[in-house]
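Trainee: This is a predicted model, with the sequence first.
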Amino acid sequence: QVQLVESGGGLVQAGGSLRLSCAASGRTFSDYTMGWFRQPPGKEREFVAAIPWNGGSTFYADSVKGRFSVSIDNAKNTVYLQMNVLKPEDTAVYYCAAGFRVLGWNYASSRVYRYWGQGTQVTASS
């Protein structure tokens, strides 16, 4: 049974930092791309960042480029999202997701991710 468990969310002042973790278990993820998505209050879920399980190119939404960084620790089966210079508009529930053999041009589509975590709340106060 595949499980993705996010942690690290919380309340932070604007300009602060948080690091989210996503612990993955239940299968081998070597052919998977790991994505981070978020859903702001009253809005649809949106893409944040993605990284292939075996490393390589990373992908970011324009709104977080230069502030967020995605990484993987294969030994710990954990994906991280380092979030710096947080803004009030970053407030959302953040989700970790895993997609099988996601093509490079499709990484931002939530439809290609099969497995999802339960989400963790991030609130950046002004």
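Mentor: Structure's in. What do you need?

Trainee: For the rest of this, base every contact and every neighbour count on C-alpha atoms.
Mentor: Noted.

Trainee: Run through the strands of this protein in chain order.
Mentor: Ranges of strands in the chain, per DSSP state E, are 3-7, 10-13, 18-25, 32-39, 46-52, 59-60, 68-73, 78-83, 92-100, 115-116, 120-125.

Trainee: got the contact list for Gly16?
Mentor: By Cα atoms under 8 Å, 6 or more residues apart in numbering, the residues touching Gly16 are Asn84, Val85, Leu86, Ala124.

Trainee: Could you check how far it is from Ala98?
Mentor: 27 Å (Cα to Cα, to the nearest Å).

Trainee: May I have the beta-bridge partners of the spatially most central residue of the chain?
Mentor: Closest to where the C-alpha atoms of the chain average out (Cα atoms, centre = their mean) is Trp36, at 2.1 Å. Note on Trp36: beta-bridge partners Ala49, Cys96, judged by DSSP bridges.

Trainee: if we can go back for a sec, closest one to Ala108 among the strands of the chain?
Mentor: Ala108 lies closest to strand 46-52 among these, at 5.4 Å (Cα to Cα).

Trainee: Next, report how far the closest one is displaced from the centre of its chain.
Mentor: 6 Å (Cα atoms, centre = their mean, to the nearest Å).

Trainee: helices or strands next to that strand in the packing?
Mentor: strand 32-39, strand 59-60, strand 68-73 (3 or more Cα pairs under 8 Å, 6 or more residues apart in numbering; DSSP states H and E).

Trainee: Appreciated, that's everything.
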